[in-house]
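Colleague: Whatever this is, show me its structure:
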Amino acid sequence: MPVPNSTIRKGILFLLLMLLASTSIYSQAGRITGGQIPQTSYDNVLQGRIYFPIYPAITGSQYLMKDWSAGNVLLQGRWYANLPLLYDVYADDLIYLASKDESFDLIRLVKPYIQRFNLGDRQFINLAYSPHAKTNLAEGFYEVQAEGKVTYLIKRKLETITERAISSFVRKDMHYLVYNGQAHRMRNKKSLLPLIGEQRKKTVFSFLKKESIRLKKSGDGGWRKVALYLNSLQLD
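Modeller: Predicted coordinates for the structure are as follows:
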């Protein structure tokens, strides 16, 4: 009995989808670098879904750092130490590399369970569990660069651009100084004014000049110096 054409087409489509998935997995694994992934074993709280690459055709990496990092995760009130981790900035997901024999699975940890984590010495919070949950910030993970009366948070962000039919990741991080329950987005020194007020404008701007900090171009380091300096002023 001949096989209907529709059934053949469905079979071909299924094979193509499987091939695409396997190619994507290979592409994903190829983007992960670093040393040998250690084997880890924890209870069922450390769980999540298998993480599949959803952007294999985009050039560049979706990860915050090129290599995987040993980090700690506070998950539902319990710390899990020395986990091999990756942070997918584009999807805002924390990925656990679960080693098994000579391979590994990529596990997307359940975001609502994650309270905070670190990648090496870099600290991250889940806004929902932080003292800043009631600010005007969007939900998700934020890197903490300075804490005190003024807290400096960075929302790591990736966008895609397409030029000549080639798509690439582009970093579009957003910087925030949080003070008195308000999150102020920082772009340049003028964006400091709602936070410092006219009474401190001269003092702060003199500090920027003395330290040769050009906030529009200085990146994380410049804003961190500003946050530390503001905390040294013992703001009311």
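Colleague: switch to C-alpha atoms for all contacts and neighbour counts from now on
Modeller: OK.
Colleague: Now do the helices in the chain.
Modeller: For the chain, the helices defined by DSSP state H occupy 5-30, 193-210, 215-232.
Colleague: any idea of the pLDDT on the nearest residue to T162 once chain neighbours are set aside?
Modeller: Nearest residue to T162 in three dimensions, chain neighbours excluded: S168, at 6.4 Å (C-alpha to C-alpha, 6 or more residues apart in numbering). pLDDT for S168: 93.
Colleague: ok, now A21?
Modeller: 41.
Colleague: low pLDDT regions in the chain?
Modeller: 1-31, 101-102, 236 (pLDDT under 70).
Colleague: ok, and what's touching the strand ranked longest in it?
Modeller: Among the elements of the chain assigned as strand by DSSP state E, the one spanning the most residues is strand 78-88. Residues from elsewhere that reach strand 78-88 (C-alpha atoms under 8 Å, 6 or more residues apart in numbering): 37-38, 40, 62-65, 67-74, 93-98, 119.
Colleague: how about a cut-off of 7 Å?
Modeller: For strand 78-88, contacts defined as C-alpha atoms under 7 Å, 6 or more residues apart in numbering pick out 37, 62-64, 68-74, 93-97.
Colleague: and what of stretch 32-40?
Modeller: Taking C-alpha under 7 Å, 6+ apart as the rule, stretch 32-40 contacts 66-68, 84, 98-100.
Colleague: So for that stretch, what gets flagged as buried?
Modeller: I37 (16 or more other C-alpha atoms under 10 Å).
Colleague: quick check, distance from it to the centre of its chain.
Modeller: Offset of stretch 32-40 from its chain centre (C-alpha atoms, centre = their mean, to the nearest Å): 19 Å.
Colleague: do the same with stretch 67-77
Modeller: For stretch 67-77, the distance to the chain centre is 13 Å (C-alpha atoms, centre = their mean).
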